[in-house]
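Q: Prediction below, plus the sequence it came from.
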Number of protein chains: 6
Amino acid sequence: MHRSKLRATWDAGQPAINGWLAIPSILSVDAVARAGWTTLTVDLQHGTADYSQMLAMLPAIEAAGVTPMIRVPWNEPSIVMRALDAGVMGVICPMIETPDDARAFVRACQYPPAGNRSFGPVRARLVHGDGYPAVANDEVVPIAMIETRAALDHVDEIAAIPGMGALYIGPSDLSSNLGFGPGFDRTEDEMLAHIKRIREAAHGAGIKACIHCASPTYAAGKVKEGFDLVTIGSDARFAEAGAKAAVTSFQNEIG
Amino acid sequence: MHRSKLRATWDAGQPAINGWLAIPSILSVDAVARAGWTTLTVDLQHGTADYSQMLAMLPAIEAAGVTPMIRVPWNEPSIVMRALDAGVMGVICPMIETPDDARAFVRACQYPPAGNRSFGPVRARLVHGDGYPAVANDEVVPIAMIETRAALDHVDEIAAIPGMGALYIGPSDLSSNLGFGPGFDRTEDEMLAHIKRIREAAHGAGIKACIHCASPTYAAGKVKEGFDLVTIGSDARFAEAGAKAAVTSFQNEIG
Amino acid sequence: MHRSKLRATWDAGQPAINGWLAIPSILSVDAVARAGWTTLTVDLQHGTADYSQMLAMLPAIEAAGVTPMIRVPWNEPSIVMRALDAGVMGVICPMIETPDDARAFVRACQYPPAGNRSFGPVRARLVHGDGYPAVANDEVVPIAMIETRAALDHVDEIAAIPGMGALYIGPSDLSSNLGFGPGFDRTEDEMLAHIKRIREAAHGAGIKACIHCASPTYAAGKVKEGFDLVTIGSDARFAEAGAKAAVTSFQNEIG
Amino acid sequence: MHRSKLRATWDAGQPAINGWLAIPSILSVDAVARAGWTTLTVDLQHGTADYSQMLAMLPAIEAAGVTPMIRVPWNEPSIVMRALDAGVMGVICPMIETPDDARAFVRACQYPPAGNRSFGPVRARLVHGDGYPAVANDEVVPIAMIETRAALDHVDEIAAIPGMGALYIGPSDLSSNLGFGPGFDRTEDEMLAHIKRIREAAHGAGIKACIHCASPTYAAGKVKEGFDLVTIGSDARFAEAGAKAAVTSFQNEIG
Amino acid sequence: MHRSKLRATWDAGQPAINGWLAIPSILSVDAVARAGWTTLTVDLQHGTADYSQMLAMLPAIEAAGVTPMIRVPWNEPSIVMRALDAGVMGVICPMIETPDDARAFVRACQYPPAGNRSFGPVRARLVHGDGYPAVANDEVVPIAMIETRAALDHVDEIAAIPGMGALYIGPSDLSSNLGFGPGFDRTEDEMLAHIKRIREAAHGAGIKACIHCASPTYAAGKVKEGFDLVTIGSDARFAEAGAKAAVTSFQNEIG
Amino acid sequence: MHRSKLRATWDAGQPAINGWLAIPSILSVDAVARAGWTTLTVDLQHGTADYSQMLAMLPAIEAAGVTPMIRVPWNEPSIVMRALDAGVMGVICPMIETPDDARAFVRACQYPPAGNRSFGPVRARLVHGDGYPAVANDEVVPIAMIETRAALDHVDEIAAIPGMGALYIGPSDLSSNLGFGPGFDRTEDEMLAHIKRIREAAHGAGIKACIHCASPTYAAGKVKEGFDLVTIGSDARFAEAGAKAAVTSFQNEIG
């Protein structure tokens, strides 16, 4: 089995650029997949794909040479394991708040003895090859979202859970939980301090730091600060913004 | 049954702005539907929706207060009638080349005695009301695409077919068929002359003139020339362009 | 964002009439949606829709001017939050038995600081407008099903959980759990006493009382007793009963 | 391969009762399938199922012990043959107007040398057994709809096409084409004469006569006149009527 | 309601042969369904069907005269109950490790007072008849997978939970958890001892013993040892092996 | 745009091995895709996939490094063009009987001026690159099925149509039409003579010769005779045969 593009990018000391997929269709995946992403994440939490639609999107991501990831809707072993069996190479889990949350999540991502992932890589073996089971624990990247005050309180312990691959900042929930209201690309001093704190916790534990961004400029700034993966926009946001810009521009021109 | 937004816009002497849907999902429809369109067209020819996916997209278009239209894959009565039964209020038909093509197309859109549309408005009656059958022949807009040299040769006859609602210029096929290679927003003198000729043929017959555009600027120019409906972009193009712009901008910023 | 039809109906002191959707199709929604309902509930517990089919049914409900609700299969935050992100305005949760159950359920329905709903109203913002996040906690109605003896024991505490919107009687499970066997429209004295007790608990806490009914007559009786929402029948039951009546009537006529 | 329930019913000199399926779901099929029908017809013309949804409905029809039929959207060999390969045992074809139409339709239903049905009974062989190819030409029933004036003019010739199994009256299109406006259960003298004429043409040619009805009473009357198959109502109509009756009854009771 | 083929087979003292379905399609079910199976199990854990696809597969299994079963992805009441409502007659639950796990699982399979299964057999009643609720607790077979060391430690207690129907050995997870690496058809002495131990625990408690096998030979051996149900292969494995064999054989022949 | 694996194989003077897909799922594609095929053909005629399911299968074929092809249900331009827009690189068309049939088919596969393919490669451009339109006429392979007596009569003319890429023998329909009954791998002298005749017609016109086979041995024989592409088996046949073999073997062992 080849090293995934995500692992290879990190091995080379480069930052990963992650795209976000909320629209459950093949064409929307193909429309965005060749823009230059390292990874593409199917969002099963706030996106509208469900498991079977996600499965249909994976081959399109793979055919584009991009590493497929998923955000699960919740820290539940069934969907974590099903997504891994389908062949995703990274799993982003929301609302990790305690070391126990983190441990349960990582265990669901790893085969025994490291974890309790059930054996049955139905599609992963077919597409990644017979060598998949032997390297899965090393290749798959479990990524814990840090997005509540409780999570901030335990961020070092969460980062230190053996097998954890990265911390991922969900700025909208984090700021919402801290009283700032939802929204990406935060610039408040307190939020910036938390963002820095999480990045340092990840790096202090020898794992990666990731953050969800809206604008390329904000994302670039975060990479310069040392983040290892930045998410920029989403398919639905691109479509929405493009449609609004087109109609508005047209209406302005015809007065 | 209320006058459709398309009919009402034209009744008021205003141009219609048409959006184009190639992605078969609810979310992508919702993402673009409230940008200010008069109509949204599900493309069953060069888009990737099929009939059942189109049917699932119609309620989202209707709930946004936009008039649903369809482009059929070919001049075949079965899909024209099925789309009308599903509730679309406009049908764009590709490759109309002769008066016979046009007559067959219009007949498929109209109940007897004007046409041979089979009776069974399974969803149209439910969503447009019990009055739908009585007004369907007046409300539904059959739109013939003019996109070949043969069509140019018969454009006046096509426009004059009783019941025809509009001519629609497919610039990419038209220029391809005339030897210019495919592409939207044509500026060659010959192409401009053809575009003008088609618009005048439509207006000479008392029907509407429509054109498929890529850029808002080109579309605005066409409206100023007198076109009654302009299509701008598509959901897939918006998503593709947005993704490319985001990654490129990010890469430029990080050097 | 407009007040939902459900909230507006209750604001006006009127009872809500709720329809029940077990069939996962657009056409079946359209077939029943304009009968006069205040709300239509997609049943993810005992109906056959799953999340993605529910999402496809919502636009049809919305286009009919009816408030979309859901019954979740279980008290799990992932499906509660996903349904809210899809745009439903009411959530009925089965098997609420304790104040802890109720508190967890309500928290999943509400943004911080009131609850722990994760932020990402992917479709809700598109269809309900940019003002959705600010009013979501007030507009969304969490509805707890009372259907076990344990729930009866805690009914006042459950009704008093801050943010709870209504209690909903599931007569079939309730009577089943109390030893009467399953079935709607109960008339046993003991069942009537429980039904009254639950209604009074709801009203005592200043929230609404709802009940699932089979016949319009039973439902009308419950409204006269003071219930604020009654469910009558279901799409599948209407289809089943209609088919049986048609064939039986035919067979009787031909002897 | 067993004789289908339809063939067996006719062999026994009994009339067949046909149910009509416009809703593409498993549950709606199951809800109506055990009401006592001889056959159930998936309507691909004015219903909303497409081919793949029809295929998913067939096992539910078969499991209920009912003979599956289809109405194709148009007289096109591709969908006729695909439906037969999927295992349907009767095909109703709309808009048969001439002997040539009829001949082409019957040929698409029959293997050489009788017809030009392409060989590949992918699902039919699996569910009907290895003996299917040998008896398919005898078991499958091609049914021509008579619904235009032109069809009336050729009704005897159409009935006499070798291999034709039955004529089927589409009263709504027929009356619409004759100037009466659409609608089932016609009682005009002229319409009754046409209906009688078609029945006699079928029986004169030694084939069966079928008619689409709305009410059981009308259907029973037609059976008494000698019709061999009557369709009564449809799943969508049952659901619509049931919902309207329930809400209306409720509203009347609460005043 | 008829006794299921599984119950009838066991009543007759015969072993059951179970087929395994990982491919979510009608045709793949039909392709394998008539091979001679007692039961067919849709795998929602390591297969790729989700709930709605499973529901579409059930009628094809039923029409073939085979008893439908499911493996749920996890010990969660929502999916257990939804599958039962859809009409499955056996439920295999992975990762049962303690008596509490087992008790919760069995309770989800049984109506009160034996369990807490919620009432609403939406499809089960339609296909199994009005008598379904009365016999469901006796007909449905809850089957606990024994696949971890913890499960081995509690195997007698798990087998003794009232209402438990069978124990099912997942050899791949069991051997993986015991340090042997994943794989079916184990022949290590220690594994054979565990397999025997589980079988004896089941029979000691008066319930059935089942095991997942790859090869027919291994399965036959287990039946001779006394196992009551053996699973052989899977649809995806048959397809994969057939394709490989065909291409390899061809390549060998052309040298 | 890279040369397709099919074109590259033929450029290298090697025979192509084609797999056949009748099951519409991702997993079944993945299960067979890496067996060593040059091409995989989604069968829209006698398989059960429809257009949207075919589209979902293409990325899985592409990700496996195999060239995707399609068999269309009939010689209709709409489905030929839609499949090409989706990215298939070869199109097999059934029932080509005359030079006019062949010409219409090839024209639907080619952009002007060679043909009348409408421009809009919605997915083909995304996955094959911006260079796709310029090379599509050269890369896409139109393949005409020869399967009737009429086709035999015109086989040289059909092979000589400019742009035709290959002839494909459908042995089952051909033998059925010639009075031998359906079936693959024909050994009758007359059939062998026809098969030879078609191969020579193809090669005489400078195009490729293809044949549908059941067994690897028969296919290897045909390659040795000079055929350029052989189809072996199908996913559904592999699954069916595997299931039968497993159960039979088991039953034999237990006596």
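A: Sure thing, it's come through.

Q: count of residues packed around the residue nearest to A:Asp50 when sequence neighbours are not counted?
A: Computed as C-beta to C-beta, 6 or more residues apart in numbering or on different chains, the closest residue to A:Asp50 that is not its neighbour in sequence is C:Ser52, at 4.6 Å. Heads up, the C-betas are built off the backbone N, CA and C, glycines and all. Neighbour count for C:Ser52, taken as other C-beta atoms under 10 Å in any protein chain shown: 20.

Q: and if you look at A:Asp235?
A: 32.

Q: Test my guess that it contacts A:Leu21.
A: Yes: with contact defined as C-beta atoms under 8 Å, A:Asp235 reaches A:Leu21; the gap is 5.4 Å.

Q: Need the residues touching each of the two.
A: Counting by C-beta atoms under 8 Å, 6 or more residues apart in numbering or on different chains, the contacts common to A:Asp235 and A:Leu21 are A:Ser28, A:Val29, A:Val32.

Q: Secondary structure element holding the residue nearest to A:Asp50?
A: For C:Ser52, the enclosing helix or strand under DSSP states H and E is helix C:51-63.

Q: what mean pLDDT would you report for whichever helix or strand comes after that helix?
A: Going down the chain from helix C:51-63, the next helix or strand is strand C:67-71, by DSSP H and E. The pLDDT scores in strand C:67-71 average 98.

Q: Strand C:67-71 close to chain A?
A: No: applying C-beta under 8 Å from any C-beta of the partner chain, one finds strand C:67-71 out of contact with chain A, separated by at least 14.4 Å.

Q: Name every strand pairing with that strand and say which way it goes.
A: strand C:39-43 (parallel), strand C:90-93 (parallel) (DSSP bridges).

Q: hmm, back to that, pretty sure the residue nearest to A:Asp50 is touching A:Pro24, no?
A: Yes: the criterion here is C-beta under 8 Å, and C:Ser52 meets it with A:Pro24 at 7.0 Å.

Q: Need the residues touching each of these two.
A: In contact with both C:Ser52 and A:Pro24: A:Thr48, A:Ala49, A:Asp50, A:Gln53, using C-beta under 8 Å, 6+ apart.

Q: about what we covered before: out of the strands paired with strand C:67-71, which gets nearest to B:Gly13?
A: Smallest distance to B:Gly13 across the strands paired with strand C:67-71 (C-beta to C-beta): 39.0 Å, for strand C:39-43.

Q: how about the helices in the stretch 151-255 of chain A?
A: A:155-159, A:171-177, A:189-204, A:216-225, A:235-254 (DSSP state H, counting those that start in this stretch).

Q: The second one packs against which elements?
A: What that stands for is helix A:171-177. If you count contacts as 3 or more C-beta pairs under 8 Å, 6 or more residues apart in numbering or on different chains; DSSP states H and E, helix A:171-177 packs onto helix A:189-204, strand A:208-213.

Q: Quick one: mean pLDDT for that helix?
A: 93.

Q: Tabulate the CA atom coordinates of that helix in PDB.
A: Provided in PDB are the C-alpha atoms of helix A:171-177 (Å, rounded to 0.1, in the frame of the first residue of the first chain):
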ATOM      1  CA  PRO A 171     -13.500  27.900  15.300                       C
ATOM      2  CA  SER A 172     -17.300  28.300  15.000                       C
ATOM      3  CA  ASP A 173     -18.300  26.000  17.800                       C
ATOM      4  CA  LEU A 174     -15.300  27.100  19.900                       C
ATOM      5  CA  SER A 175     -16.100  30.700  19.700                       C
ATOM      6  CA  SER A 176     -19.800  30.000  20.100                       C
ATOM      7  CA  ASN A 177     -19.100  28.000  23.300                       C
END
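
Q: So what does A:Met95 look like in phi/psi?
A: With angles defined as degrees, to the nearest 10, A:Met95 sits at phi 60, psi 40.

Q: quick one: it and A:Asn75 touch, right?
A: Yes: the pair A:Met95 / A:Asn75 is scored as a contact, 6.5 Å apart, by C-beta under 8 Å.

Q: joint contacts of these two?
A: Counting by C-beta under 8 Å, 6+ apart, the residues touching both A:Met95 and A:Asn75 are A:Asp101.

Q: Do you know the pLDDT at the residue of the stretch 151-255 of chain A found nearest chain C?
A: Closest residue of the stretch 151-255 of chain A to chain C, C-beta to the nearest C-beta: A:Pro182 (4.2 Å). The confidence metric pLDDT takes the value 90 at A:Pro182.

Q: From C:Tyr132, how far off is it?
A: Taking C-beta to C-beta, to the nearest Å as the measure, A:Pro182 and C:Tyr132 are separated by 11 Å.

Q: what do you get for A:Ile207?
A: Taking C-beta to C-beta, one finds A:Ile207 at 36 Å from C:Tyr132.

Q: mind checking pLDDT for A:His2?
A: Looking at A:His2, its pLDDT stands at 73.

Q: part of a helix, is it?
A: No: per DSSP: H, G, I helix; E, B strand; the rest coil, A:His2 lies outside any helix segment and is coil.

Q: who's in contact with A:Phe227?
A: A:Phe227 makes contacts with A:Pro15, A:Arg199, A:Ala209, A:Cys210, A:Ile211, as judged by C-beta under 8 Å, 6+ apart.

Q: From those, pick the one nearest chain B.
A: Chain B lies nearest to A:Pro15 out of those, by C-beta to the nearest C-beta, at 7.4 Å.

Q: list the contacts for that closest one?
A: A:Thr9, A:Val223, A:Phe227, A:Asp228, A:Leu229, A:Val230, B:Ile254.

Q: 6 Å instead?
A: Neighbour list for A:Pro15: A:Val223, A:Asp228 [criterion: C-beta atoms under 6 Å, 6 or more residues apart in numbering or on different chains].

Q: I'd like to know how far it sits from C:Thr9.
A: Relative to C:Thr9, A:Pro15 is positioned 53 Å away (C-beta to C-beta).

Q: so which of the strands paired with strand C:67-71 gets nearest F:Ala63?
A: The nearest among these, by C-beta to C-beta, is strand C:39-43 at 34.8 Å.

Q: Next, the angle strand C:208-213 makes with the closest one.
A: Going by axes from the mean of the first three to the mean of the last three C-alpha atoms, to 10 degrees, strand C:39-43 is angled at 60 degrees with respect to strand C:208-213.

Q: can you give me how far strand C:39-43 is from the chain middle?
A: Its chain's C-alpha centre and that of strand C:39-43 lie 6 Å apart, by C-alpha atoms, centre = their mean, to the nearest Å.

Q: pLDDT on that strand, on average?
A: Strand C:39-43 comes out with an average pLDDT of 98.

Q: what's next to that strand, contact-wise?
A: By C-beta under 6 Å, 6+ apart, the residues outside strand C:39-43 that reach it are C:6, C:16, C:18-22, C:49, C:54, C:57, C:61, C:66-67, C:69-71.

Q: out of these, what pair is the most spread apart?
A: Comparing every pair within the contacts of strand C:39-43 by C-beta to C-beta identifies C:Ala16 and C:Ala49 as the most remote, at 21.2 Å.

Q: between those two, who's got more neighbours?
A: C:Ala16 (26 against 23).

Q: pretty sure the more buried one contacts C:Leu229?
A: Yes: counting by C-beta atoms under 6 Å, C:Ala16 touches C:Leu229, with 4.1 Å between them.

Q: what secondary structure does the closest residue in space to A:Glu76 that isn't next to it in sequence sit in?
A: In space, and not counting its chain neighbours, A:Glu76 is closest to C:Ser78: 6.8 Å by C-beta to C-beta, 6+ apart. Assigned with three-state DSSP, C:Ser78 falls in the helix class.
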